[in-house]
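Asks: Generate coordinates for the sequence data below:
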Amino acid sequence: MAEACDVLGVPRSHYYRSRARIAAGADVAEAPSRSRRPSPRALRQQERAEVLTLLRSERFVDLAPREVYVTLLDEGVYLCS
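Replies: Modelled structure (predicted):
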């Protein structure tokens, strides 16, 4: 099986995972469902909206987020890392 997967360029883990899903009666194309808790370090919705609004503003629309971050730090504004 390892040689066949190497020839096809398919990771063996993918083969065995899809095989297990078929045995369980799931569709192969169906992605496994995972419910993940948000990170405790993640921005709250309001903070996220504020950052996105700022990034999409006329002043910063053509800049990379890193450039916006440095510019705002130079001005003494800290929103997030």
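Asks: How about the helix or strand bottoming out on mean pLDDT in the chain, which residues are buried there?
Replies: In the chain, no helix or strand scores lower on mean pLDDT, DSSP states H and E than helix 12-23, which sits at a mean of 86. Going by neighbour count (16 or more other C-beta atoms under 10 Å), the buried part of helix 12-23 is Arg21. In short, each C-beta sits where N, CA and C put it, glycine included.
Asks: gap between it and the chain center?
Replies: 24 Å (C-alpha atoms, centre = their mean, to the nearest Å).
Asks: Tell me which helix or strand comes right after it.
Replies: helix 45-55 (DSSP states H and E).
Asks: ok, and what's touching the helix or strand just after that following helix?
Replies: The C-terminal neighbour of helix 45-55 among helices and strands, as given by DSSP H and E, is helix 65-74. Outside helix 65-74, the residues that touch it by C-beta atoms under 8 Å, 6 or more residues apart in numbering are 54-55, 60, 63, 78-79, 81.
Asks: In helix 65-74, which residues are buried?
Replies: 68-69.
Asks: can you tell me the average pLDDT over it?
Replies: Averaged over helix 65-74, pLDDT sits at 93.
Asks: And stretch 44-61, by the same measure?
Replies: Averaged across stretch 44-61, pLDDT comes to 93.
Asks: where does that stretch sit relative to the chain's centre, distance-wise?
Replies: 18 Å.
Asks: Next: stretch 73-81.
Replies: With C-alpha atoms, centre = their mean, you get 24 Å for stretch 73-81.
Asks: now swap in stretch 39-54 and tell me
Replies: Offset of stretch 39-54 from its chain centre (C-alpha atoms, centre = their mean): 15 Å.
Asks: quick one, domains of this protein?
Replies: Here the domain parsing of the chain from automatic domain parsing is 1-30, 45-74.
Asks: Dump those into JSON lines; add distance to Arg37 as well.
Replies: As requested, the domains of the chain are exported to JSON lines (distance: least, C-beta to C-beta, whole Å):
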{"stretch": "domain 1-30", "distance to Arg37": "23"}
{"stretch": "domain 45-74", "distance to Arg37": "15"}
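Asks: how far away is Leu54 from Pro38?
Replies: Noted for Leu54: a distance of 21 Å to Pro38, by C-beta to C-beta, to the nearest Å.
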